[in-house]
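K.L.:
sequence and predicted structure, then a few things I'm wondering about:
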Amino acid sequence: MFSIVLPAYNQGKNLQVSLPNILNQSYSNFEIICVNDGSTDDTAVVIKTYQNDSHVTLVNQEYNKGTLSTRLLGAKTARGSYIMQFDPDDQFTSNTVLQQLADQLQSHSPDMLHFRMRHLFEPPIYKIEPYHWANPRVPYKQRQPPLSPFS
């Protein structure tokens, strides 16, 4: 299971795009932990509209503590085998990203994945996609060319 930690401070507008984008994944073994970091806009209201979906969990912080604190709280709440950080203005580039990632994890069994991201559009709308993953158990010089479950 993937735990997707989504910190949010005054991100109601972006969440209306990013939450459906994540929920549209063909792979269903994931949870989204939305951490409302003391927002003063409609962030909590937007997240609550998605709480009928069993994938979405809302965690509220009374006041703004910053991104690091918010991400850590989300990670502490996570139940998945892998924790993914996701920003409210990010979007997956296809609805099969999690399925492809799960397939790669099953065949390679890494302990940790690290992704570099690339921007596909200019501000204020960013789409990012991972384009490299590596198995840390294999020495760097013996690794195959970068594989991507996101092609």
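P.N.:
Happy to help now that I have it. Residues are numbered from 1 along each chain as shown.

K.L.:
next, Ala75: secondary structure please.
P.N.:
Following DSSP: H, G, I helix; E, B strand; the rest coil, Ala75 is assigned to helix.

K.L.:
for it, report the pLDDT, please.
P.N.:
Predicted confidence (pLDDT) for Ala75: 91.

K.L.:
show me the contacts for it.
P.N.:
Contact analysis of Ala75 by C-beta atoms under 8 Å, 6 or more residues apart in numbering lists Ser3, Val5, Ile83. Every C-beta, even on glycine, is put in place using the N, C-alpha and C of the backbone.

K.L.:
among those residues, which are located in strands?
P.N.:
Among the contacts of Ala75, DSSP state E puts Ser3, Val5, Ile83 in strands.

K.L.:
ok, what's across the strand from the second one?
P.N.:
For Val5, the beta-bridge partners under DSSP bridges are Ile33, Gln85.

K.L.:
follow-up on the earlier one: weed out the non-buried ones from the ones in strands among the contacts of Ala75.
P.N.:
Ser3, Val5, Ile83 (16 or more other C-beta atoms under 10 Å).

K.L.:
my guess is the second one meets Lys76, correct?
P.N.:
Pointing back at Val5 there. No: using C-beta atoms under 8 Å, Val5 is not in contact with Lys76, being 9.7 Å away.

K.L.:
quick check, Val35 in a helix?
P.N.:
No: applying three-state DSSP, one finds Val35 to be strand, outside a helix.

K.L.:
so Asn60 sits in a helix?
P.N.:
No: secondary structure of Asn60 (three-state DSSP): strand, not part of a helix.

K.L.:
find the nearest non-adjacent residue to it, please.
P.N.:
Asn36 (4.9 Å; C-beta to C-beta, 6 or more residues apart in numbering).

K.L.:
now do the contacts for the one you found.
P.N.:
By C-beta under 8 Å, 6+ apart, the neighbours of Asn36 are Ala8, Tyr9, Thr43, Ala44, Ile47, Leu58, Val59, Asn60, Gln61.

K.L.:
and the furthest pair within those?
P.N.:
Greatest spacing in those, by C-beta to C-beta: Tyr9 and Leu58 (14.0 Å).

K.L.:
neighbours of Gln106, how many?
P.N.:
Number of residues near Gln106 (other C-beta atoms under 10 Å) recorded here: 8.
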